[in-house]
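>>> This is a predicted model, with the sequence first.
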Amino acid sequence: MDLLRPLPPSVLVVDDEPASVALLRITLAMDYTVHTASGGDEALALLARHPDTAVAIIDQRMPGMSGTELIQRTAASHPHLIRIILTGYTDVDALIAAINTGSVYRYLTKPWNKDELMGVVRQASELHALTTQNLRLREELAAANAKLRVENAALRRAVKGKYRFDELIGTSPALRKMLALLERVVTTDSTVLITGETGTGKELVARAIHYNGPRADRPFVSENCGAIAPDLLTSELFGHKRGAFTGALEDRKGLFEVANGGTLFLDEIGDCPPELQTRLLRVLDQGEIRRVGDNRPIPVDVRIIAATHHDLERDVENGRFRRDLYYRLAVFSVTTPPLRERKEDVPLLVDHMLSRLNEARGHRVLGLTPEALAVLVTHDFPGNVRELENEIERAYALADPDGYVTPDMLSPKFAGRDLGLGNAAADGSALRTAVEAFEAQLVREALTRHDGNQTRAAAELGISRRTFIDKLQKYGIR
């Protein structure tokens, strides 16, 4: 068990009088590890061998090197050593100079009092322990902060990559039209209003604008204006002063301050109450906020991106939304198309969703059969991409590893809608889209198996390299 006990603090005694050294050793040995030296040079050598020495008791009058000279010699090499000076003389000037520079913790006169000596050494060793502990904690904190900076930089790169525009999956005219608009607004600081049905990816568009724009390295903060009570929403966005209302126990920053320098995404802006609409207009006009319960203006530099599934123009006409706020938000308007208007994107979305599930869940589903894909393509998806994502996740859970999703694995709402290849009544365009998606999937998998070698992938599929390249271009495979 003794091996587990911490070692006692080390004390260095420096004195040219053997009797004084012996007495100090006897006095301190019960509580400390004691090293002794008869002069300055010997003391320096001992400190080099025992750099963790906590306290040095140094005689002032010694031949060759005085106590204050030894202290000066150790100031740089042993900055955390706690020094106590012993003197039997009145070397007032030297002692005052040493104390004023912070080099000496205390001084004791000879003959010293045992109780006073032990008290001073105990305090000095505790001070050394506290100093070294604080130093260790600062080093650990610095290391943790450095690690956090690296992780944050990596996370920012990953997030920025995650929200590239090519994460907006599809090649349909409706999607290409939206992407063309985004390419124009992304490099500006304009306020953007994103409209579209629920589930069409409005927040994904907002993040893509932020992470591809000039504020990409600054915060992206999101708040759903329809998911929180109006009075709490005001405090959430603008912050509050202590005592502003019951429960406001301290000053609190709002999301505008948190997002300062970056982007604040206000989802479902159409659900904002009138009072909050007035506050938002003031921010857009003046670039400053006021916390709840405080009249002091706080300047903020925030790009606002708002989104809604409401028809805000109709809400303006009906008096439910401020006209001036609408015009300030709609500096640049983007509409996310519903999935029923971009059905040709369904196979690409399905492939993307399955790839993410394969990567995250640990087993691989090869894809959907043409029949299952044809069933999905004919569906209008009132819940849009979010509904499709839920459907694919459900089918993925039912599919066998290294197998395909078949129509019977789709949810009950698709029952009786099997558009099999032999069904003459099937929607020809839907079936053609499904077959092409299946072909694109085979091309993509062959290319992956052969590490991007087009010649070998084409040979496996039994087609020429020229035909293979044509299919890569047709399906947008890189």
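Received the coordinates, thanks.
>>> Helices along the stretch 151-300 of the chain, start to end?
173-185, 202-211, 230-238, 255-258, 274-286 (DSSP state H, counting those that start in this stretch).
>>> So for the strand or helix carrying Ser20, what gets flagged as buried?
Using DSSP states H and E, Ser20 sits in helix 18-28. Along helix 18-28, these residues count as buried under the neighbour rule (16 or more other Cβ atoms under 10 Å): 20-21, 23-24, 27-28. Just so you know, the C-beta spots here come from the backbone N, C-alpha and C atoms, and that holds for glycine as well.
>>> Tell me the one among these nearest to His128.
Of all the buried residues of helix 18-28, His128 sits closest to Leu28, with 14.5 Å by Cβ to Cβ.
>>> if I look at that closest one, how far off is Leu182?
75 Å (Cβ to Cβ, to the nearest Å).
>>> same deal with Met62?
80 Å.
>>> and what of Pro407?
Relative to Leu182, and taking Cβ to Cβ, Pro407 is found at 36 Å.
>>> ok, now which ones touch the nearest residue to Leu442 once chain neighbours are set aside?
In this structure, Leu442 finds its nearest non-sequential neighbour in Leu461, 6.7 Å apart by Cβ to Cβ, 6 or more residues apart in numbering. Contacts here follow Cβ atoms under 8 Å, 6 or more residues apart in numbering; on that basis Leu461 touches 442-443, 446, 468.
>>> For this structure, which segments are assigned as strands?
Assigned by DSSP state E, the chain shows strands spanning 10-14, 33-37, 55-59, 82-87, 106-109, 192-195, 220-224, 263-267, 288-289, 298-299, 303-308, 332-335, 367-368, 404-405.
>>> in the stretch 51-200 of the chain, what spans have low per-residue confidence?
Judged by pLDDT under 70, the stretch 51-200 of the chain has its weakly predicted residues at 88-102, 146-167.
>>> try it again with 50
154, 157-163 (pLDDT under 50).
>>> Return the residues in contact with Asp59.
14-17, 20, 67, 85-87.
>>> Just list whatever residues bridge to it.
Leu86 (DSSP bridges).
>>> quick check, nearest of the contacts of Leu461 to Leu168?
Val443 (22.2 Å).
>>> Please look at that closest one and Tyr475 and confirm they touch.
Yes: using Cβ atoms under 8 Å, Val443 is in contact with Tyr475, at 6.6 Å.
>>> so who does Arg320 touch?
Contacts of Arg320 by Cβ under 8 Å, 6+ apart are Gly270.
>>> how about a cut-off of 7 Å?
Applying Cβ atoms under 7 Å, 6 or more residues apart in numbering to Arg320 gives no contacts.
>>> Put together JSON lines for the strands of the chain, with distance to Pro230 on each row.
Shown next, in JSON lines, are those (distance: least, Cβ to Cβ, whole Å):
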{"stretch": "strand 10-14", "distance to Pro230": "66"}
{"stretch": "strand 33-37", "distance to Pro230": "68"}
{"stretch": "strand 55-59", "distance to Pro230": "64"}
{"stretch": "strand 82-87", "distance to Pro230": "61"}
{"stretch": "strand 106-109", "distance to Pro230": "64"}
{"stretch": "strand 192-195", "distance to Pro230": "21"}
{"stretch": "strand 220-224", "distance to Pro230": "13"}
{"stretch": "strand 263-267", "distance to Pro230": "14"}
{"stretch": "strand 288-289", "distance to Pro230": "17"}
{"stretch": "strand 298-299", "distance to Pro230": "21"}
{"stretch": "strand 303-308", "distance to Pro230": "16"}
{"stretch": "strand 332-335", "distance to Pro230": "25"}
{"stretch": "strand 367-368", "distance to Pro230": "44"}
{"stretch": "strand 404-405", "distance to Pro230": "44"}
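>>> Nearest approach to Asn358 belongs to which of the ones you listed?
strand 367-368 (10.0 Å).
>>> what does that closest one rub up against?
350-351, 354, 404-405, 441.
>>> Reformat these as TSV; add pLDDT.
Converted to TSV, the contacts of strand 367-368 look like this (pLDDT from 0 to 100):
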residue	pLDDT
Val350	90
Asp351	86
Leu354	91
Tyr404	90
Val405	92
Gln441	72
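>>> Would you point out the most distant pair within those?
Across those (Cβ to Cβ), the longest gap, 12.5 Å, separates Asp351 and Tyr404.
>>> Give me the domain ranges for this protein.
2-133, 163-337, 341-475 (automatic domain parsing).
>>> Can you give the distance of the longest one from its chain's centre?
So that's domain 163-337. In terms of Cα atoms, centre = their mean, to the nearest Å, the centre of domain 163-337 is found 21 Å from the chain centre.
>>> just the first one next, same as before
Distance of domain 2-133 from the chain centroid (Cα atoms, centre = their mean) equals 48 Å.
>>> what do you get for stretch 341-360?
27 Å.
>>> on that earlier part again, from the contacts of Leu461, which land in helices?
442-443, 446, 468 (DSSP state H).
>>> which one of the helices of the stretch 151-300 of the chain has the most crowded surroundings?
helix 202-211 (a mean of 23; mean count of other Cβ atoms under 10 Å).
>>> Report all helices and strands that that one contacts.
helix 173-185, strand 192-195, strand 220-224, strand 263-267, strand 303-308 (3 or more Cβ pairs under 7 Å, 6 or more residues apart in numbering; DSSP states H and E).
>>> From the contact counts, what lies against the fourth one?
The criterion is 3+ Cβ pairs under 7 Å, 6+ apart, and the helices and strands that strand 263-267 contacts are helix 202-211, strand 220-224, strand 303-308.
>>> sorry, back to before: closest one to Arg340 among the helices and strands packed on helix 202-211?
Once these are compared by Cβ to Cβ, helix 173-185 is nearest, at 10.0 Å.
>>> List the contacts of that closest one.
Under Cβ under 7 Å, 6+ apart, the answer for helix 173-185 is 165, 168, 192, 205, 208-209, 332, 334-337, 341-342, 345.
>>> where does the stretch 301-450 of the chain have low pLDDT?
419-427.
>>> how about 70 then?
In the stretch 301-450 of the chain, residues with pLDDT under 70: 416-435, 437-438.
>>> Figure out which of the helices and strands packed on strand 263-267 is closest to Leu376.
With Cβ to Cβ as the yardstick, what comes closest out of the helices and strands packed on strand 263-267 is helix 202-211 (20.2 Å).
>>> Can I get that closest one as PDB, trimmed to CA atoms?
Extracted C-alpha coordinates of helix 202-211, given in PDB (Å, rounded to 0.1, in the frame of the first residue of the first chain):
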ATOM      1  CA  LYS A 202     -36.100  24.400 -47.300                       C
ATOM      2  CA  GLU A 203     -33.600  24.100 -44.400                       C
ATOM      3  CA  LEU A 204     -31.200  22.100 -46.600                       C
ATOM      4  CA  VAL A 205     -31.300  25.000 -49.100                       C
ATOM      5  CA  ALA A 206     -30.700  27.500 -46.400                       C
ATOM      6  CA  ARG A 207     -27.600  25.600 -45.100                       C
ATOM      7  CA  ALA A 208     -26.300  25.200 -48.700                       C
ATOM      8  CA  ILE A 209     -26.600  29.000 -49.200                       C
ATOM      9  CA  HIS A 210     -24.700  29.700 -45.900                       C
ATOM     10  CA  TYR A 211     -22.000  27.100 -46.200                       C
END
